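Visitor: here is a sequence together with a model predicted from it:
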Amino acid sequence: MQVNLKVVLDEVRLVSIALDDESKKLGAEMDRVVAQSVQQHDRVQGTAAATEELTVSVGEVASSVNNTAQAASQSKALVADSTRSMDSSMAATTRVVEAVQASNANIGDLNRAIEKIGVITKTIREIADQTNLLALNAAIEAARAGDQGRGFAVVADEVRKLAERTSLSTTDINNTVSEFRKVTHQAVASMEQAVSEVEVGMGLMQASVTGLDKIRVSSDEVATMADTIAAASREQAVASQDVAVNMEQVSSLIEQNTQSARNAQQCVEALSATSAELRNVVAQFELIKRG
């Protein structure tokens, strides 16, 4: 019986020693697990914070891009308004040019009529000169006829005076026609210069319209790209939020694992203490047996 008890005590002592050794190894391993869990938790927290900052930054980018898209849309609307205004101005200017050209045509017709008047007055003057000459000759012949030609001389004198007044009138008409021709020539020259300047202005407006069209196309492209970037930013923000949520879940799991490891470490410490108590009990048995 004593031999069997000794064997049992020896086995218990060996088992308690082995248990103590394994408990120490397990405790060291659990210490390492706890330390790694703490490091992982810190890293996850840092990643979560960075992800949160990224989410905020992405939101700010999306907001800025939305503002850019709105500005591009407003610019497009302003360009469209400017283009319509310039188109209206060009249409009005075109009507002015057409009206001036019509006026030039009318003035041309008027000049031709004036030329005809000049020809007619020239003919009338020539006839008046001839009539004056004939009246003068008739007066000379009447003077030669004496009393018999006196009545004819009076008529010839009246005809001569009428021819002189006609000649003076044709001179006045020619002077008036010349002045009118000069004025119309100046008017035509002024209108032609105005038409030339208007055509230059229309060319500049057309170039401006072309530039505005390019701006409109660029604004469309900017708005499209801004919408695309905004959509991508929103998707990235959603993805970042999902990552942040997952990081929080991972952090929670790591905290749970860390707590479990600490609990296991406490169990190992309790097991090591139990092993030590078991060795003390074995030692007390051996002392009793020796006594």
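Guide: Structure's in. What do you need? Residues are numbered from 1 along each chain as shown.

Visitor: only C-alpha atoms for contact and neighbour calcs from this point on.
Guide: Noted.

Visitor: what lies in contact with stretch 118-125?
Guide: 166-167, 170, 173-174, 177 (CA atoms under 8 Å, 6 or more residues apart in numbering).

Visitor: likewise stretch 84-103?
Guide: Contacts for stretch 84-103 (CA under 8 Å, 6+ apart): 191, 195, 198, 202, 205, 209.

Visitor: let's have those in a markdown table, adding secondary structure and distance to Asp242.
Guide: Putting the contacts of stretch 84-103 into a markdown table (DSSP: H, G, I helix; E, B strand; the rest coil; distance: CA to CA, whole Å) gives the following:
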| residue | secondary structure | distance to Asp242 |
| --- | --- | --- |
| Met191 | helix | 74 |
| Val195 | helix | 69 |
| Val198 | helix | 64 |
| Met202 | helix | 59 |
| Met205 | helix | 54 |
| Val209 | helix | 49 |
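
Visitor: make TSV out of those and add distance to Met247 and neighbour count.
Guide: Conversion of the contacts of stretch 84-103 to TSV gives the following (distance: CA to CA, whole Å; neighbours: other CA atoms under 10 Å):
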residue	distance to Met247	neighbour count
Met191	81	17
Val195	75	19
Val198	71	17
Met202	65	18
Met205	60	17
Val209	55	20
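
Visitor: ok, so of those residues, who is nearest Ala35?
Guide: Nearest to Ala35 among those, counting by CA to CA, is Val209 at 71.4 Å.

Visitor: count of residues packed around the closest residue in space to that closest one that isn't next to it in sequence?
Guide: Excluding its sequence neighbours, the residue lying closest to Val209 (CA to CA, 6 or more residues apart in numbering) is Thr83, at 6.0 Å. Number of residues near Thr83 (other CA atoms under 10 Å) recorded here: 21.

Visitor: circling back: closest to Glu52 out of the contacts of stretch 84-103?
Guide: Closest to Glu52, out of all of these and judged by CA to CA, is Val209, at 47.7 Å.

Visitor: wait, the closest one sits on Ala80?
Guide: No. Between Val209 and Ala80 there is no contact under CA atoms under 8 Å: 9.9 Å.

Visitor: show me what contacts the residue nearest to Val209?
Guide: Applying CA under 8 Å, 6+ apart to Thr83 gives the contacts 209, 212-213.

Visitor: show the model's pLDDT score for it.
Guide: Looking at Thr83, its pLDDT stands at 72.
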